[in-house]
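Student: sequence first, predicted model second:
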Amino acid sequence: MRGLPVIVWHIVDNIINSILELLCRIFHKELSEEIRAAFTQFVKFGIIGVSNTFLSYFVYIIMLVIFRQTDLFENCDYLAAQMIGFVLSVLWSFYWNNKIVFIEDAKSKRTLWKTLMKTFAAYSFTGLFLNSILLILWVQILNISEYTAPIFNLLFIAILNFLINKFWAFK
């Protein structure tokens, strides 16, 4: 990878390391390279996740407008728009996680198609299935507002997505 993305991610690395060093000085703690690398990896995954969320929503809105103006998928235009947004956002996440977060080392050789399918499976499980189950739990059982409940999901699912991608999809 060349050009602007390399520069941007290099700056992100420097910012993350500076924050970690500052925290270590404040709390008088030593930080191992393994912990530093894992934390940096998690923050990068989070940044890509935020961009993924915006992309998914942006594509959803654009497709919904297009479908409604052209009368395509009349009764399920929002579902078709959501599916397109989901697929494109998973491809986006896969590309950037493969290039920036879960970088393949020289010793191992990962199969891109297999990793891509695992990525789709992981995001389908957490983004579609688990997200729905947790919303039911928060809203119907624990009486948490349907406006607040997705925030709980984001916190839980982001960590779970990171672990699934790190130890399974991109392994």
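Tutor: On my side now, so go ahead.
Student: may I ask which helix or strand encompasses Ile48?
Tutor: helix 33-70 (DSSP states H and E).
Student: buried residues, the next helix or strand after that helix. List them.
Tutor: Per DSSP H and E, helix 33-70 leads on to helix 77-96 as the next helix or strand towards the C-terminus. Neighbour counts over helix 77-96 (16 or more other Cβ atoms under 10 Å) mark 77, 81-82, 84-86, 88-90, 92-94, 96 as buried. To be clear about C-beta, it is placed using only N, CA and C from the backbone, and glycine gets the same treatment.
Student: hang on, the earlier thing: what's the helix holding Ile48 packed up against?
Tutor: helix 4-27, helix 77-96, helix 149-164 (3 or more Cβ pairs under 8 Å, 6 or more residues apart in numbering; DSSP states H and E).
Student: out of the ones you listed, which is closest to Gly46?
Tutor: Nearest to Gly46 among the helices and strands packed on helix 33-70 is helix 149-164; the distance by Cβ to Cβ comes to 6.4 Å.
Student: put the alpha carbons of that closest one into PDB.
Tutor: What follows is helix 149-164, C-alpha atoms only, in PDB (Å, rounded to 0.1, in the frame of the first residue of the first chain):
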ATOM      1  CA  ALA A 149     -30.000  -0.300  23.500                       C
ATOM      2  CA  PRO A 150     -28.000  -0.100  20.300                       C
ATOM      3  CA  ILE A 151     -25.200   1.700  22.100                       C
ATOM      4  CA  PHE A 152     -24.800  -1.300  24.500                       C
ATOM      5  CA  ASN A 153     -24.700  -3.500  21.400                       C
ATOM      6  CA  LEU A 154     -22.000  -1.400  19.800                       C
ATOM      7  CA  LEU A 155     -19.800  -1.700  22.800                       C
ATOM      8  CA  PHE A 156     -20.200  -5.500  23.100                       C
ATOM      9  CA  ILE A 157     -20.200  -6.400  19.400                       C
ATOM     10  CA  ALA A 158     -17.200  -4.300  18.600                       C
ATOM     11  CA  ILE A 159     -15.000  -6.200  21.000                       C
ATOM     12  CA  LEU A 160     -16.600  -9.500  19.900                       C
ATOM     13  CA  ASN A 161     -16.000  -8.700  16.200                       C
ATOM     14  CA  PHE A 162     -12.400  -7.800  17.000                       C
ATOM     15  CA  LEU A 163     -11.800 -11.200  18.700                       C
ATOM     16  CA  ILE A 164     -13.600 -13.200  16.000                       C
END
